[in-house]
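Participant: Provide a 3D model corresponding to the input given below.
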Amino acid sequence: MKQDKALIKVLKSQKDEKLPTDFNARMMTQIYLVSAARKKRSMVLSYILISTVSISLILLATYLLTGHLSFNFSFRIAASFFSPQSKTIFGFSVYIALLILLLMFIDRFFRNMHEKKRMEKS
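Facilitator: I've put the predicted structure just below:
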């Protein structure tokens, strides 16, 4: 109890210091700079992650096509390129590519919607 009274007395005896007139402007500038740096870092990390995953998927697909499937990358014989097995692999690859593109566009659409809602609230 005595400590509370002593604390209150010390706080009342302190001078009321005023903040500089441009304190808010400088503080907001610093906040915007930190926010911009975080966004830039996040974007760079996202690009690095996307690139790494894409390259690893391409390498894995190449490894599977050359090592474990009987698909031949030499296009010397046109008939082998149009074999039923190559048509199946090509069709599946196109299907996966279109699916990935569709998911990327849907993701971007929902991110834009979320960003607009967040900006309207603030």
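Participant: what about residue 107, distance to residue 31?
Facilitator: Going from residue 107 to residue 31 by C-beta to C-beta, to the nearest Å gives 28 Å. No exception for glycine: its C-beta is placed from N, CA and C like everyone else's.
Participant: tell me which element the residue positioned nearest the centre of the chain is part of?
Facilitator: Closest residue to the average C-alpha location of the chain: residue 46 at 3.8 Å, with C-alpha atoms, centre = their mean. Element membership for residue 46 (DSSP states H and E) is helix 23-63.
Participant: helix or strand next in line after the lowest-mean-pLDDT helix or strand in the chain, which one?
Facilitator: Sorted by mean pLDDT, DSSP states H and E, the helices and strands of the chain end with helix 78-81, the least confident at a mean of 52. On the C-terminal side of helix 78-81, the nearest following helix or strand under DSSP H and E is helix 84-121.
Participant: by contact count, what packs against that following helix?
Facilitator: The contact analysis (3 or more C-beta pairs under 8 Å, 6 or more residues apart in numbering; DSSP states H and E) places helix 84-121 against no helix or strand.
Participant: average pLDDT across that helix?
Facilitator: Here helix 84-121 scores 87 as its mean pLDDT.
Participant: before we move on, the earlier item: next, the angle from the helix holding residue 46 to helix 84-121.
Facilitator: 170 degrees (axes from the mean of the first three to the mean of the last three C-alpha atoms, to 10 degrees).
Participant: next, count neighbours for residue 61.
Facilitator: By other C-beta atoms under 10 Å, 13 other residues sit near residue 61.
Participant: helix, strand or coil for residue 20?
Facilitator: Put simply, residue 20 is coil when judged by DSSP: H, G, I helix; E, B strand; the rest coil.
Participant: count of neighbours near it?
Facilitator: Considering only other C-beta under 10 Å, residue 20 is surrounded by 8 other residues.
Participant: show me how the record splits the chain into domains.
Facilitator: As recorded under automatic domain parsing, the domains making up the chain are 20-71, 83-122.
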